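Colleague: Sequence and predicted structure below; questions after.
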Amino acid sequence: MDLQTTIYLVVGATFALYIGIAIWSRAGTTSEFYVAGGGVGPRLNGMATAADWMSAASFISMAGLISNMGYGGGLFLMGWTGGYVLLATLLAPYLRKFGKFTVPQFIGDRYYSKSAATVAVLCLLVASLTYIIGQMTGVGVAFSRFLGVSKDVGVYVGMGVVFTYAVFGGMKGITYTQVAQYIVLIFAYTIPAIFISMQLTGNPIPQLGLGSSLSGQDVPLLAKLDQVVTELGFGRYTTTTAGSTLNMFVYTFSLMIGTAGLPHVIMRFFTVPTVAAARSSAGWALVFIAILYTTAPAVAAMAKTNLIRTITPGVVLQNADVYGAESAIKYDERPDWMKRWEKTGLLKFEDKNGDGRIQYYNDKVKDEAVKAKIDAAGWKGNELTVNADIIVLANPEIALLPDWVIALVAAGGLAAALSTAAGLLLAISSAISHDLVKNVFKPDISEKGELMAGKIAMACSIIVAGYLGLNPPGFAAGTVALAFGIAASSLFPAIMMGIFSKKMNKEGAMAGMLAGLFITLFYVFAHKGIFFIKGTEYLDTIGGANSFFGITPEAFGGVGAMINFFVAFVVDKFTKEPPEHIQHLVEHVRTPRGSKAVDGAHA
Amino acid sequence: MDKSGAAYWKATLGLVAKILVVWFLVSFGAGILFADWLNNIHLGGYPLGFWFAQQGSMYIFVALIFVYAKKMGEIDRKFDVHE
C-alpha cells in the first residue's frame, strides 16, 4: 500500500471514530451538549479541554517555529502553559461561582451595563477572528500535504470542511469525542518523537533524549546542534533569544494573560460541577497539554538536526566538514519527502551557484569568520526555503519513519486544526446571535432567528478568515499569538478587576477595554496591515518596525494590558462607584459556598 | 463582608501571591532574566536556563496548580465556606 492510500485510510478511520462516538453518546445524554463535562470526572474533562485548546498552532506550527527560533521559542511553551496558572488562581473558580455561560454575560452583569457587554463582544470577536485566521493557515498546510495540492487550494478545501464540521456542530460539545481527539492527537505527536529520539540519542523519552548525548558519540545533542547551526550562520540554538530579553519577557507575559483571557478557554470552566472542580480541572487540563508541550522542544531540536543531516549527511553523526564540496546532497538525489512538499509550494529549492547541490544556511550571517568560510566554499546564497509550518508534518518523513506514522501525524494535525476552528466559530456565532443580537439589539428575536443569525455569522467569519488565511500575517503560531495579544489587552484586565476589585465601575472597565484593544490593534495593524490586508501597513507613522522598545506586534498585547489596567484605574477614580448590590455580588463570587448550576444556557 | 469573610479573602490572596511568586520566578526569572547565567550550569545535556524555558517551568506550573487546588480546599474548610 502506498503512503497516500495509508494517509487516506488513517484520516478516514479517525473521522469515523469521532462521528461514531458523537452519535453513540448523543443518544444517552442530551444535556451534555450544554454542560460539557458535567457528568465526567476531572481527568476526562481535562483531556477534553486539552483537545479543545490545542489547535493547529500548537500541533502543526509551534515546534516548527521553535526549531527556527531555538531558545527564544520557549516563549510559546512558557506562555501557553503558564497562562493556566493564572486561569486557575485568578479567574476560573470565581467565574464558575458566578454561574453564567459566556464572558460577555459576566462583563455585562458585573459592570451592570449592556454597553460593557457589547464592548466585550467586540473584543471577543476581534480576538477569535484573528485566532481563526491562524487556524486556517494551519488547515491549509495540513490539507495541501494531505491532498498533494498547493497551499491555496488547501485553504479553500479547509474552509469548506471547517464550515461543514462547525455547522454539523453538536459533536464539538460532546466530551467523549474530544477525549478521542485528544488521544489521536497525542499519539500522533509523541510516537514520531519517540522514534526520532531513539534514532538520534537512543533514549525513547523525547524529554530526556533532548538532554542526552548523540548515539555513539560523547557530545550532547544540543551542544552538537549549537556547533553545526553556528557554522551554518544561524544563531546558537540554546541561547538565541526572541528579538531581545525585553521582547521575550513581554511576549511571554502577553501569551500567558491572553490564555487566561480567551473566551473559548474560559468557557470550559464555566461548566464544571463545582468551584473546587474548576481549580483542579485546570490542573488536569495542563497535565495533558504539558505532555505535548514538553515533547515539542524535542521535536523542534531533533527536526532541525534531521533536516541538516538530510541535506549534509555525515555532518551531525560523523563530524564531516559542513563546508566540504561533497558534503551537501545533490538536488537530483533528494529524498522523496522533499519532492512531496515541493508540490505544496511550502518547500522550495533554487540552485543559486549552479553546482546541482543543496546549500542550506543563513546567508544574512554577520560573523566575519563564518562569512569567509562560506565565500571560500563558493556558496551564492541560501538555496532551500522551508516554511516553518511544515516541520511537524514533515518530521516523520524527514526521519524516514514508517508510512503509518506519517499518516497518523496527518490525522492528528487535521483533528487539532478542525476541532479548534469549529470551537471558535461556535464561540463567534453565540457571541453574535446571543450576546449581541438577542441581548442588545433585538430582545424579541425568535429562537429560529437567533440560530440563523449564528449561522450567518459563522459563514461570514469563515470567508473572512479563509481570505486572510491565503495571505496570512505570519506563521500559524505567530498569527495565533496576535489573537492572544488582543485577548490579553482587552478582556483579561476587565475580568480580573471584576473579581479582585469591588470598586471598579463600568466606566473604568469600558475605557480600559477599549484603550487596550485599540492601542494593540493600532500597533499590530501598523506592522501587518489594516485588518491584516496586505499593503495597508503604516510603519512610517509609528517610526519603523518594532519601534516601541523593540517589541514585536505579537508581543504587544502585554503592553496593551498594562495600558488597559492604567486607563481603567484612572477613569475609575474620577467616576461614580459601582452600586451597592454590585459590590455585594463581588463578595458573593469570592466564596465557593452556594455555587449552583449555570443558567442562561445556550451552546 | 463580615469578619470571617474578610479573613478568608485575605488567606486566599496570601496563597495566590505565593503561587504567583513561584510562577514568576521559574518562567520569567529562571527561563528569561537569569537564563544566560543559569546556562553555565548543566542538567545532563541541557544548559539549565534553556531547560527552564523549554521544560522545567512547565513541570512546575502543573505542580503549582495542584498545590493551589489542595491548599484552597483546606482554606475553604477552615473558614467553612466549602461547597
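Modeller: Yes, it's here.
Colleague: Can you verify B:His82 is assigned to a helix?
Modeller: No - the secondary structure assignment for B:His82 gives coil rather than a helix, going by DSSP: H, G, I helix; E, B strand; the rest coil.
Colleague: So which residues of chain B form strands?
Modeller: Across chain B, reading from the start of the chain, the strands by DSSP state E fall at B:42-43, B:46-47.
Colleague: among the ones you listed, which is nearest chain A?
Modeller: Distance to chain A, taken as CB to the nearest CB, is lowest for strand B:46-47 among the strands of chain B, at 4.2 Å. C-beta coordinates here come from the backbone N, C-alpha and C atoms, glycine included.
Colleague: what bits of chain B have low per-residue confidence?
Modeller: Counting by pLDDT under 70, the ranges of chain B that qualify are B:1-2.
Colleague: Next: chain A.
Modeller: For chain A (pLDDT under 70), the answer is A:25-40, A:167-174, A:597-603.
Colleague: According to the record, where do the domains of it fall?
Modeller: Structurally, chain A divides into domains by automatic domain parsing as follows: A:3-306+A:397-590, A:307-396.
Colleague: Out of those, which one sits most buried?
Modeller: Mean neighbour count, computed with mean count of other CB atoms under 10 Å in any protein chain shown, is highest for domain A:3-306+A:397-590 among the domains of chain A, reaching a mean of 22.
Colleague: the strands in chain A, which residues?
Modeller: Counting by DSSP E, the segments of chain A that form strands are A:347-349, A:384-386.
Colleague: neighbouring contacts of the last one?
Modeller: With CB atoms under 8 Å, 6 or more residues apart in numbering or on different chains as the contact definition, strand A:384-386 has outside contacts at A:Leu307, A:Ile311, A:Leu346, A:Leu347, A:Lys348, A:Phe349, A:Ile358, A:Gln359, A:Tyr360.
Colleague: Next: the first one.
Modeller: Counting contacts by CB under 8 Å, 6+ apart, the residues outside strand A:347-349 that touch it are A:331, A:334, A:338, A:341-342, A:358, A:383-387, A:390, A:394.
Colleague: could these go into TSV alongside distance to A:Ala223?
Modeller: Converted to TSV, the contacts of strand A:347-349 look like this (distance: CB to CB, whole Å):
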residue	distance to A:Ala223
A:Tyr331	31
A:Arg334	28
A:Met338	28
A:Trp341	29
A:Glu342	33
A:Ile358	25
A:Glu383	27
A:Leu384	24
A:Thr385	27
A:Val386	23
A:Asn387	28
A:Ile390	27
A:Ala394	25
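Colleague: among the residues you listed, which are in helices?
Modeller: Judged by DSSP state H, helices contain the following of those: A:Met338, A:Trp341, A:Glu342, A:Ala394.
Colleague: Tell me the one among those residues nearest to chain B.
Modeller: Minimum distance to chain B across those is 21.2 Å, recorded for A:Ala394 (CB to the nearest CB).
Colleague: if I pick the closest one, what's in contact with it?
Modeller: A:Ala394 sits next to A:Arg145, A:Ala303, A:Trp337, A:Trp341, A:Leu347 when contact means CB under 8 Å, 6+ apart.
Colleague: closest to A:Gly73 out of the strands of chain A?
Modeller: Of all the strands of chain A, it is strand A:384-386 that lies closest to A:Gly73, at 15.6 Å by CB to CB.
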